[in-house]
Every structure is written in C-alpha cells, then in structure tokens.
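Asks: below are the sequence and a predicted model; questions follow.
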Amino acid sequence: MLDDRDTIDQIVVRRQALASLEAAEAEEMLNYVDRARDAGERDGGEARGRRRVDSAVHELSLAMTLPVPTIERHVARARRLRSTMPQVWQAWHDGQLGTTHVHAIDRAATRLVHPESVARLDDVAVDHAGRLTPGQVTRWLDRWVERTESGESLRRHQIAHRDRKVALKPLGDGMTRLSADLASSDAAAIMQSLSKAAHGLPADDDRTIDQARTDLLVDTLLDRREGGLGFRAIIGITVPLSSLMGFSDAPGELSDRSATIPAHIISAAMADETSLLYRLVTDDIGNLLTVTWLGRFAPARLEQVLEFRDGTSVFPTSSVPARLCDTDHSAPWPADTSAANTGPLNRRAHNLKTEGQLTLRQPSPGVFEWTTRTGHTYSRFPDPLPIADWDRTPIDFDDLLIDWWPLDEEPVCLSDYLPA
C-alpha cells in the first residue's frame, strides 16, 4: 500500500501522463486531417482536398462523440500550437503543461496581433504557467497580453467586437441562461440601468435585487406588460396529453430537445392570447404516425412532424435544430417521401452524404444508421417523446380538437394522428 508521499507522487505522474496522452491525441487528429487533405488534393485539387477534410472531421466527430465544430477547434488549435508555439507544444507532450493551461495559452496567443509577440509568449509561457492554477494562469496571460501589445488594444477590441453574440444554455427545471458577449461599457451601462430600475420598485416588492433585475430585463426585451407574455410567441413543444388535460404534471419539451418545459409554464403560455404554440400531443407510448406523400419535396406538415419527432439534425453528433435543416431522403428519391424515409439533416452532413462520403439508411422510422468512408457504423436513435403515467380513463378522441397547426388552418382531430 502506498504511503501518503507516494500517493501524491503517483497522482502527479498520472496527471502528467493524461496531459501527454491528450497532446498525442491532438497531434493524431491533426495528422489524420492533413492526410485527408493531401489525398484529396492529389485526386482532384484544392476543392477536393477541402471536401476530404470535411469528411475526415465528420468521421472524427462520430468516433469521438464530439460535435463537428469542437473537432474543428481541436484541430485548428493543434495546428497553431505546433507551428507557432513549439515550446508549449513540446511541454504539453512531455506532460509539463496540462491541457487546460495549454488551451488558455492558445487563447491568449490568438489575441496577439504580431507574430513576434506569439514567439515571445512561447519563450516564457512554460515556466510561468506550470506553477499557476488555471484561474491564475488566465489572469497572468491577460496582463501579459495587455503589457506586451499595449499599443494594439484598439485592434484587439475591434477583433473581439466582431465576434459578439448572444447564446442560450439550458439549466434544467424550466430555466435557461441567456448570455451576451458585448462591449464592456455597454454591459456596465445595461447593468446600471437595471439596478437603478430595480431599486426604484415599490418598497413592498419582495424580490431580491437579482430577481428584480432579471424580471426587468425580460419585461423590457419582450415588451411585456401586465403579466402577459408580450411578444407573439411561436413555440414548438411536445406535451403529454395527460398534462394538457390536467391529469398529470409531466413536463413537455421544446421541439429541438434543448430544454424541458414544466407543465405549469405550458398552461400559462396556452392561456395567453398573444401566444401561438404548435402543440404535438403524445399518447402514453410516444409514437408518431408515419404518413406518405407523393412527390420529391416534403410538404410543410411533414417537415413539422419531423421537427417534433427528431428535434435536431439526425447526424449523431449534431445539435442543429430540425427547423434549420434540410429534409433529407434516407433512401434517395424516388423512394417514398415519408417520415419513414426522411429526416432533418444539417447542410454539411447532407452534402457529404450526397457526395458519397457518408451513407445512411433508416431501418425503422426515426432510427438512422450512418456508415463512414472507413467502414465504421454509428446509429442515431430518437429521444422518446414525453409521456406520463396516469389513470387511463377512456376518452372520445373524435370529440377532442387540437390546434396543432397554425391558426389560419383548420384544426385537426387528434384521432387522425394517433396510431389505430
């Protein structure tokens, strides 16, 4: 049995070995992509090389169960480090620097404007970063960048400002984090404005300052007044019939599977006259009825069925919402245009499938089996639609109308869309 000293030493050795393995993995990914590019360029020039790179990236995505953009970031980072920061690259392989530290160094290097500054950072980063925590190394790198290229702060700000964005991160329990990358001065002004408005609320308002600022932000953006939802919401949502009828509190889901929606929130949204919800009501099995159309192009109703059934692109590592995807035939047209032979597919994967870099079959509705150029097979299974355990009192479905489709169309009878 190891004593305490040996235990600590073993933990350190394992951390170094883990960093070294991750560095080796990054290099192997880079080499694999570069070989694909070289082979493609030999066969058909630069354009062919780019397509082979895209195919290689998608294959790595499937093999590593990581999104395609994540694979691309890993490969790009490895290329930058190997070509511009050889000392950091070698220290990573040797286990002297952990992967978190290496990523922080790379992020700092991408902020630098001049190549000679990147070389200077490579000279000092290994000695300084190796003895700092991840938080400390980030702060040290920020100071180093500002001091080394103090005259380039405007250019760095312009580059960072170009990449401004707003993002969502589901938190569970019906909550989502809304974040925004914006100018520091604008962020400070928004926070001051929200704080001033929150402090100006009546004395009997029992919300905390954080709760009040959050509510004020939402009310302002949605032009919400007197407790309504504000803007005209168009929300794709699946909800168990039992919850819709008040027999259970089982949650629904957004159609892109990005978040669950508690039953009480669904009820509140349904009650608001300014909101339009597309509701797909599921039985206690959660299956959708397959319907076939004549012709190559899917009608709007089939696309909506696929959006609810699949949620996102059917490429296994993609999270692109179905509404932003192409409607792809698993078996090429003139095979059936039906839910059993179509699915939403993001454009990049669709192009690779069309070119034969990826092959696809749908052995059963909603199950997609992908085969890559190297012969590996990966399957994508549908997430079950929300269901609930409840007292199954017989219901006359023919008397129940569900406004699943837009309000300018006739409502459909639920029994038309449930399996017999």
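Replies: Okay, I see it.

Asks: how many residues are close by the residue nearest to Arg77 when sequence neighbours are not counted?
Replies: In space, Arg77 comes closest to Asp106 once its chain neighbours are excluded; the distance is 5.3 Å by CB to CB, 6 or more residues apart in numbering. No exception for glycine: its C-beta is placed from N, CA and C like everyone else's. Asp106 has 21 neighbours, counted by other CB atoms under 10 Å.

Asks: likewise Asn351?
Replies: 16.

Asks: let me see the contact set for it.
Replies: The neighbours of Asn351, taking CB atoms under 8 Å, 6 or more residues apart in numbering as the test, are Asp54.

Asks: which parts of whichever strand or helix holds it are buried?
Replies: Under the criterion of DSSP states H and E, Asn351 resides in helix 347-354. Buried positions in helix 347-354, judged by neighbour count with 16 or more other CB atoms under 10 Å: 348-353.

Asks: could you do stretch 150-170 as well?
Replies: Those would be Glu152, for stretch 150-170 by 16+ other CB under 10 Å.

Asks: before we move on, what about stretch 65-82?
Replies: So, applying 16+ other CB under 10 Å, buried residues of stretch 65-82: 68, 71-72, 74-75, 77-78, 81-82.

Asks: list just the nearest of those residues to Ala36.
Replies: Comparing the buried residues of stretch 65-82 against Ala36 with CB to CB places Val75 closest, at 10.8 Å.

Asks: low-scoring stretches of the stretch 251-400 of the chain, by residue?
Replies: 251-299, 301, 384-400 (pLDDT under 70).

Asks: tell me where it has strands.
Replies: Remark: strands assigned in the stretch 251-400 of the chain by DSSP state E, counting those that start in this stretch are 252-254, 260-261, 276-282, 292-293, 326-329, 337-338, 342-345, 359-364, 367-371, 377-380.

Asks: how about the residue most central in space within the chain, phi and psi?
Replies: Note on the chain: the residue nearest the mean C-alpha position is Ser319, at 5.0 Å, using CA atoms, centre = their mean. Dihedral angles of Ser319 (phi, psi; degrees, to the nearest 10) stand at phi -120, psi 20.

Asks: spatially nearest residue to it (excluding sequence neighbours)?
Replies: Nearest-residue entry for Ser319: Thr312, 5.3 Å, with adjacent residues in sequence omitted and distances by CB to CB, 6+ apart.

Asks: beta-bridge partners for that neighbour, please?
Replies: Counting by DSSP bridges, Thr312 forms beta bridges with Pro321.

Asks: ok and the lengthiest helix in the chain relative to strand 367-371, angle-wise?
Replies: Among the segments of the chain that qualify as a helix by DSSP state H, the longest is helix 4-64. Taking axes from the mean of the first three to the mean of the last three CA atoms, to 10 degrees, helix 4-64 and strand 367-371 form an angle of 100 degrees between their directions.

Asks: what helices and strands are in contact with helix 4-64?
Replies: On a contact count with 3 or more CB pairs under 8 Å, 6 or more residues apart in numbering; DSSP states H and E, helix 4-64 meets helix 68-84, helix 86-94, helix 99-111, helix 347-354.

Asks: that's all I had, so thanks and see you.
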